[in-house]
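> Give the three-dimensional model of this entry:
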Amino acid sequence: MTALSVNVNKFALIRNARDADHPNLLEISKKCINFGANGITIHPRPDERHAKFSDLMPLKQLVSTFDNVEFNVEGYPSESFIEKVIEVYPDQVTLVPDPPDALTSSFGWDCEINKEFLNNVVKTFQNKNIRVSIFINPSTNTLNNLNYIMPNRVELYTYDYAKNYSQNKEVAIGPYIEVVNYLNKNFPFIDFNAGHDLNLQNLDYLLNKINNIKEVSIGHALVCDTLEYGLETTVKKYLEIINK
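Have a look, this model is predicted:
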């Protein structure tokens with residue numbers, strides 16, 4: 001079954017707007033878990049404009065008090081990021097190729113250009129028994145060398161799917177099905193996550209068409225929905241879709 005990991009970055013952004021601790025990220029995360037979420041995701045960027053690196057250890061300690069709930073840390077694997085993540089020892093690290101000034105994650109790794117770099121980083125985390133997922137584009141042209149890089153999972157970058165869903169959902173999902181079929185055939189040892197701009201309208205179709213997704217990470221849309229429905233109802237709405 002697909003797990004729901006709530007990305008709490010935008011809650012952190014609201015917190016930082018007043019240079020205070022409201023909303024408290026631990027309280028928000030605990031509520032998400034109590035409402036049924038299977039994981040918490042956080043993506044601290046170099047400028048710490050939303051999630052901060054100081055959030056990592058408290059969130060790890062919180063998540064560790066629950067059974068069958070995972071802590072996922074996303075980010076560009078700079079030397080500093082790698083050191084801080086290893087100190088925290090999350091269940092999963094998701095590697096994204098964002099430059100430091102990126103507004104949000106906007107593309108996946110090119111596994112040809114970054115072959116050696118990714119291989120070294122993946123091994124560094126795996127040697128610490130941390131599961132590694134890497135962000136990928138919906139294109140088989142960028143997926144060479146996965147058998148050399150050897151991540152545990154890949155995360156399907158679903159921006160294009162979400163952007164085109166309302167125009168033609170069959171066309172929107174097509175490249176993702178192609179990538180999944182390619183990976184299942186050539187790299188059956190790799191599992192799938194998915195994330196970016198997934199919401200209450202497009203999530204069901206994605207999971208119906210690609211039914212072996214291990215985890216969806218949802219943040220921005222979930223925070224927006226919370227303004228309308230409240231946090232508990234929002235989390236349960238996503239879980240209802242996932243559990244269908």
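> from here on, contacts and neighbour counts on C-alpha atoms
Will do.
> Can you show me the strands along this protein?
Secondary structure of the chain by DSSP state E: the strands cover 3-7, 39-42, 70-75, 92-95, 131-136, 153-157, 191-195, 213-218.
> Give me the distance from the fifth one to the chain's centre.
Chain-centre distance of strand 131-136: 9 Å, with CA atoms, centre = their mean, to the nearest Å.
> Grab the most central residue of this protein for me.
residue 217 (4.3 Å; CA atoms, centre = their mean).
> any idea how far that residue is from residue 203?
As for residue 217, its distance to residue 203 is 11 Å (criterion: CA to CA, to the nearest Å).
> same question, residue 141
25 Å.
> Among these two, which residue is more densely surrounded?
residue 203 (18 against 11; other CA atoms under 10 Å).
> Could you report the pLDDT at the closest residue to residue 176 other than its chain neighbours?
Leaving out its chain neighbours, the residue that sits closest to residue 176 by CA to CA, 6 or more residues apart in numbering is residue 138, at 5.3 Å. At residue 138, the model reports a pLDDT of 92.
> hmm, back to that, now do the contacts for the residue nearest to the centre of the chain.
Contact partners of residue 217, counting by CA atoms under 8 Å, 6 or more residues apart in numbering, are 4, 5, 6, 7, 41, 193, 194, 195, 196.
> 10 Å - rerun?
Counting by CA atoms under 10 Å, 6 or more residues apart in numbering, residue 217 touches 3-8, 39-42, 72, 155, 193-198.
> That one pairs with what?
Note on residue 217: beta-bridge partners by DSSP bridges are residue 5, residue 195.
> Check the spacing between it and residue 225 real quick.
From residue 217 to residue 225 the distance is 15 Å (CA to CA).
> How about residue 168?
23 Å.
> Looking at those two now, which is surrounded by more residues?
For residue 168 and residue 225, the more surrounded residue by other CA under 10 Å is residue 225, and the numbers stand at 18 against 11.
> Verify the stated contact: the more buried one with residue 199.
Yes. With contact defined as CA atoms under 10 Å, residue 225 counts as touching residue 199 (8.8 Å).
> list the residues that contact both of these two?
Jointly contacting residue 225 and residue 199 under the rule CA under 10 Å, 6+ apart are residue 219.
> if we can go back for a sec, give me the common contacts of residue 217 and residue 203.
195, 197.
> the helices in this protein, which residues?
9-17, 25-34, 56-63, 79-88, 115-126, 146-149, 159-165, 169-186, 203-209, 220-229, 231-242 (DSSP state H).
> what does the third one rub up against?
Right, the one you point to is helix 56-63. Residues contacting helix 56-63 (CA under 10 Å, 6+ apart): 25-27, 29-30, 33, 38-44, 64, 69-73, 84-85, 87-91.
> Return the distance of that helix from the chain's centre.
Centre to centre, stretch against its chain (CA atoms, centre = their mean), the figure for helix 56-63 is 17 Å.
> for the fourth one, same thing?
On the basis of CA atoms, centre = their mean, helix 79-88 sits 18 Å off its chain's mean C-alpha point.
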